[in-house]
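Trainee: here is the input, now give the coordinates:
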Amino acid sequence: MGMPQISRAWTPDEVRTLPDDGRRYEVVAGELLVTPAPSFQHQEAVFRLVVALRGYAERTGVGLRAAGPTSAACCSRSRSCPPRVPGPTAP
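Mentor: Numbers count the residues shown, from 1 in each chain. As a prediction, this is how the structure comes out:
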């Protein structure tokens, strides 16, 4: 017989107090998710993709995109980085 797991709900404010140690901390429905920092190869691929997308967005006027983690509080119990965050559009 195992011991019951004691769980608690994390809040976005608690996550903001965690150390900046290179790991990615997210709260989804009160659960703390921790992932390692991305590798150099991953970051290089992201950089190349952002350069290509930014050039396309500027040429066509379809909008702007940002690279890198973007902290977004979607509701009071979640703090995560959604795939797209609405932002300003190109003039």
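
Trainee: residue 35: neighbouring residues, count only.
Mentor: Counted with other Cβ atoms under 10 Å, the neighbours of residue 35 add up to 9. Yep, even glycine has a C-beta here, placed from its N, CA and C like the rest.

Trainee: so what's it up against?
Mentor: 23-24, 26 (Cβ atoms under 8 Å, 6 or more residues apart in numbering).

Trainee: go with 7 Å
Mentor: By Cβ atoms under 7 Å, 6 or more residues apart in numbering, residue 35 lies in contact with 23-24.

Trainee: ok, it to residue 52 distance?
Mentor: 25 Å (Cβ to Cβ, to the nearest Å).

Trainee: show the average pLDDT along the strand or helix carrying residue 57.
Mentor: Following DSSP states H and E, the helix or strand that holds residue 57 is helix 40-60. The pLDDT scores in helix 40-60 average 88.

Trainee: how about the helices in the protein?
Mentor: Counting by DSSP state H, the chain has helices at residues 12-16, 40-60.

Trainee: and the shortest one, what does it pack onto?
Mentor: Of the remaining helices and strands, those touching helix 12-16 by 3 or more Cβ pairs under 7 Å, 6 or more residues apart in numbering; DSSP states H and E are strand 24-28.

Trainee: in the strand it packs on, what's buried?
Mentor: For strand 24-28, burial by neighbour count (16 or more other Cβ atoms under 10 Å) applies to 25-27.

Trainee: now, which of the residues you listed sits nearest residue 12?
Mentor: residue 27 (5.7 Å; Cβ to Cβ).

Trainee: surely residue 36 is in contact with residue 42?
Mentor: No: using Cβ atoms under 7 Å, residue 36 makes no contact with residue 42, being 10.5 Å away.
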